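1. Sequence plus the predicted model coming up.
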Number of protein chains: 2
Amino acid sequence: MPLLIDSINQTMKKGEIFFSFEFFPPKTEAGVINLFHRFDRMGELDPLFIDVTWSAGGSTAGKKNQTLQIVKESQHYCCIPTNMHLTCNTSTKEEIREILKQAKENGIRNILALRGDPPTENIKLSEDFKHAVDLVKFIRAEFGKYFCISVAGYPYGHPDCPDRAMDIKHLKEKVDAGADFVISQLFFEADDFLKWVEDCRAIGIKCPIIPGILPIQGYQSLRNITKMCSIPVPDYITKAILPIKDNDEAIKEFGIKFAVEMCQKLIKSGTPGLHFYTLNQETATIRILKELDLVKPKFQTRELPWKRAAIDKRCKEDVRPIYWSNRAKSYLSRTEVWDEYPNGRWGDSRSPAFGDLSDYHIFIHQPKYAKKDLKKLWGENPKTPEEIGSIFVSFLEGKIDKLPWIDSGLSSETNLIRQELIKINRAGFWTINSQPRVNGAPSTDADVGWGGNDGLVYQKAYLEFFTSPEKFKIFLEVVQKFGNRINYQAANMKEYPYISNLDVAMAVTWGVFPGKQVIQPTITDPESFRVWKEEAFRLWVSKWADIYDNGTDSNKLIHEIHDNYFLVNIVDNNFVNGNIFDVLNEVMKTIQERADSDYNPENDVQAHFSWSYGDNAENHC
Amino acid sequence: MPLLIDSINQTMKKGEIFFSFEFFPPKTEAGVINLFHRFDRMGELDPLFIDVTWSAGGSTAGKKNQTLQIVKESQHYCCIPTNMHLTCNTSTKEEIREILKQAKENGIRNILALRGDPPTENIKLSEDFKHAVDLVKFIRAEFGKYFCISVAGYPYGHPDCPDRAMDIKHLKEKVDAGADFVISQLFFEADDFLKWVEDCRAIGIKCPIIPGILPIQGYQSLRNITKMCSIPVPDYITKAILPIKDNDEAIKEFGIKFAVEMCQKLIKSGTPGLHFYTLNQETATIRILKELDLVKPKFQTRELPWKRAAIDKRCKEDVRPIYWSNRAKSYLSRTEVWDEYPNGRWGDSRSPAFGDLSDYHIFIHQPKYAKKDLKKLWGENPKTPEEIGSIFVSFLEGKIDKLPWIDSGLSSETNLIRQELIKINRAGFWTINSQPRVNGAPSTDADVGWGGNDGLVYQKAYLEFFTSPEKFKIFLEVVQKFGNRINYQAANMKEYPYISNLDVAMAVTWGVFPGKQVIQPTITDPESFRVWKEEAFRLWVSKWADIYDNGTDSNKLIHEIHDNYFLVNIVDNNFVNGNIFDVLNEVMKTIQERADSDYNPENDVQAHFSWSYGDNAENHC
């Protein structure tokens, strides 16, 4: 991951305005889970970074160094570069050194160095660190240039040093000691900020200074914050919100309008970016960004079809199996301990074993939706496979936004083949992953583009679905007729751990760009499919069956599906003009023909499997 | 490299007929050079393997183990799997062990184990090896399954054991001792061979038995060979050729017709392949193969756009820089000592340094064409750059078949853009390498296909040329306008060692196949270009200037070109519908416009270079 100062400089060079979000560690575990979901959603807006304020103790259930934990996971799982606040006024050198060592070990490279508020309880003040500048010096002395250090600046002076001129001198000391950029305390008058920046420049502070923006979200919170920070609230604001002080919605609207106008002034004056004090809220900040027209079209943010974790050790990773594309965090978790990440030579560098699936080993992995909420999504009391199938159809129709295998809603490229998907799901082929074929679309295409400008991107069509043994049997018959146009992989939890006509890793997404090798970021491959299918089947039980009580029909039904159904994927190698649904249309036709005749496939399911398995066993099983 | 027995089994499984060629080590160095050129030409026919008969002493100027040397180089440089004959009847175990060790070290994996003819001079017979079977046993005992062992079979019995039944028993002993397949001694009656095979099968010899075919090439040679081998020549053959015994052409014609008929019988009877005793001649054997319709269209033989060396340690190599595509042996020589060969991740695995260019370190690299022959090709007495340029044009027009940078004639894909190439060569852009753009041609395309069936292949158009400093200056101006559509690299032997807008390796040829990653066998890259350009410039002097005496105008002219001209290559990233000649057309237009105006580019060549160089220096120099 680049140091934030490098990202800031690059953005400034391009003449773009960046934005960033500040959050604080929630007090409850549920709050933390929600926060990570917020990171995911707000991460989609492509902030340059997020900040997490410092909380050393465990406000959440016994977690030590909670901020460090959150920053680590936001970088690894939410893939957002994160700036970790660190206060020093109650810590010893040993303690700070230990925290920074842990930060380094966990891929954290950006620190906002703060003194910290005076302790409210009877905690002793540090003798090692009197001021933030001591922390800046310590970090540079102990860790050299490893960390990017930011510091806070106070347009109205620090509460403990209201002499503005003196306070600016303190800021200069922090910068001279090695701080890379400055984030300002909140303010309500653009002119106050701009004048202050002018004064900072006048005494020789040359690094970027980022304005901190507080979207006003409520009367009481505004009062608390401004009091805590000793920030003057202009009269006209007080006058404007006093009459609506009990109407949160109206205050928020005011806050948005107010912030937009202030930000416009700042942008006009050449600010490199905007830092938002979100108060862990997203609506107001997002509204402001949209009004400022700073939310870019999503495709511009896709460096690869999937999002890279924001840590150094994964920075060369550029290949992943397609199976986890709807469960990226699970993939990141399973591969967290790898020493080396695949980059363009998947077969050879994927030597380390996949980690076990553990939905529990980190707290963000298991958002604890209430069973009753999940029942609303996936059925109160399903009794037949058809009812289960209807849930998959509902998902494709946009009526529900989650499936056990899909963390987020429909992707825009799924939309391109939605009608065909609905048709096969209705026929009993329950899709959990898919991509349409793409034959040289511009790399800037809104639905399927990635990798920047001037490239062409390609995809082989992909479908992954669960289906019953009876239907799978027909599928296996039919797919042979397609020869090597279609690559397939399949497995159940019983006697068929792997049936396939694929021997090695195959690219299903690739891109051709000027001055580069062909980039192949998504593949299918036999080894990781074997790992994925265990996870995919397990989710039937852990995410779905378990919302119904043991012994109920619904619970039994889903266990039976888990025990008997097949997980199947197919790739259509004809990315130029093939239609991947040809295979399933042929399967459905065959099923229909057999139903119309006397043929009863149930009689020889086992016989047929033995044959098929045997036929494929030599190379593939 | 696969063991020959595996290749034979695969070919049999596919129901195809293979063929192989036997050669003997020539007596003179010139003969050896010619033989390697013959390997190259006959290798194009895609024989399953070639044989080289054993010559331990140096029939050629003091070379020890000449056969071993030839086999090593034919596998490495001519890229043909080679079966090494080895005789044992005058060697000790230590000597044989040493030879086999050397064979192993040099990537040789196939041995034809023979007793050897009785020594004609006063050489002591071996006490360790009385019969070929002793050698077979020794190889298996000492080297296990490392070598594929073939043995000779005698349809008429061995000269020293004319009892056919007894001789077949000896053959069975050799097979039982570990021989993988049998090559038969020559014969003139298909029925004799087939009856013999039948008898071999009857006593339990199960391995492949390959018939050895002698194309009759002359009266005297037939007499000598048949006498030496104690082979009966059927009366009707003697009767047919006696009347024409002094007409070699007529005998050859007879020999071809005769061999074709015999081979047709053998093929009909199910022979897996045909082994030709070529007597180091190519015409007759090639004629026979063509009449038998066994010469496949060339594209079927292309596994990759370039030919893999037939040795194990290079078997994973699947990426090469484009620069050496017309000088493959030079590339193989430079990279011979590498421990690891690039396979799909060029940038990382090309850690070892390129070997120095040495045209002399192995004897096959420097075919010693007489200066007078080269003058006929490249000019008796050229005095102007225009005369030099006309040689490049002549090459493209097919009037001469060699250039210092191009080992063999025009490739079929060059033909696709020949007219455009002639045009730019006439204008002073002397091309030494090129490929047309290809946007998803079938992998079986006769001109540009490779990699087998069912794939699509792609190429970015590529041009590499020498040009004068004046023209290069205009080129550099013009190419900037094309932005990153065009990647270019350039260098001269003076002040500009590298000017480029390419930072990393870029694929210029790739292919998409079912069940595989995207294969990228040809690339351009900054590092190997730096190595290549030294070689490319050096060839001006070592291959061209040196054919003229020192002090002559021609010699001076070429030295001046070497000292001043630029080597340039360009890649057009628009492989969908770009025309790479756009760039040079624009350059030629600009040159014309300047010539029509008062502008004199010579005045500020240096100034412009400095600017261009500076402008590109940051990233590329």
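-> Perfect, I can see it now.
2. burial count for the spatially closest residue to residue A:179 that is not a sequence neighbour?
-> Among residues not flanking residue A:179 along the chain, residue A:151 sits closest, at 4.2 Å (CB to CB, 6 or more residues apart in numbering or on different chains). From N, CA and C alone the C-beta is placed, and that goes for glycine too. Neighbours of residue A:151 under the rule other CB atoms under 10 Å in any protein chain shown: 26.
3. The stretch 301-450 of chain A: strands as residue ranges?
-> A:320-321, A:430-435, A:438-442 (DSSP state E, counting those that start in this stretch).
4. Return the list of strands paired to the shortest one, each annotated with direction.
-> Pairing partners of strand A:320-321, with direction, according to DSSP bridges: strand A:519-524 (parallel).
5. For the spatially most central residue of chain A, give me its contacts.
-> Nearest to the mean C-alpha position of chain A, by CA atoms, centre = their mean, lies residue A:78 at 3.4 Å. For residue A:78, the contact set (CB atoms under 8 Å, 6 or more residues apart in numbering or on different chains) comprises A:36, A:39, A:40, A:43.
6. what's downstream of the strand or helix carrying the second one, the next helix or strand?
-> In other words, residue A:39. Remark: residue A:39 resides in helix A:29-43, with elements defined by DSSP states H and E. Heading C-terminal from helix A:29-43, the first helix or strand you meet, by DSSP H and E, is strand A:49-52.
7. How about the residue nearest to residue A:434 when sequence neighbours are not counted: which residues does it bridge to?
-> Take residue A:434 and drop its neighbours on the chain: the residue closest to it by CB to CB, 6+ apart is residue A:463, 5.0 Å away. Taking DSSP bridges as the rule, residue A:463 bridges to residue A:434, residue A:570.
8. give me the residue from the stretch 1-150 of chain A nearest chain B.
-> Proximity of the stretch 1-150 of chain A to chain B (CB to the nearest CB) peaks at residue A:13, 13.3 Å away.
9. Point out the residues in the stretch 451-600 of chain A that sit beside chain B.
-> A:454, A:456, A:458, A:484-485, A:487, A:501-507, A:510, A:512-518, A:520, A:523, A:573, A:575-576 (CB under 8 Å from any CB of the partner chain).
10. and the residues you listed, which of them are in helices?
-> Under the assignment DSSP state H, those contribute nothing to helices.
11. Among these, name the buried ones.
-> Among these, those classed as buried by neighbour count (16 or more other CB atoms under 10 Å in any protein chain shown) are A:454, A:456, A:458, A:485, A:487, A:501-502, A:505-507, A:510, A:512-518, A:520, A:523, A:573, A:575.
12. which ones are touching the closest residue to residue A:577 other than its chain neighbours?
-> Spatial nearest neighbour of residue A:577, excluding adjacent residues (CB to CB, 6+ apart): residue A:439 at 7.6 Å. Counting by CB under 8 Å, 6+ apart, residue A:439 touches A:458, A:575, A:576, A:577.
13. returning to that earlier point: doesn't the residue nearest to the centre of chain A fall inside a helix?
-> No. Applying DSSP: H, G, I helix; E, B strand; the rest coil, one finds residue A:78 to be coil, outside a helix.
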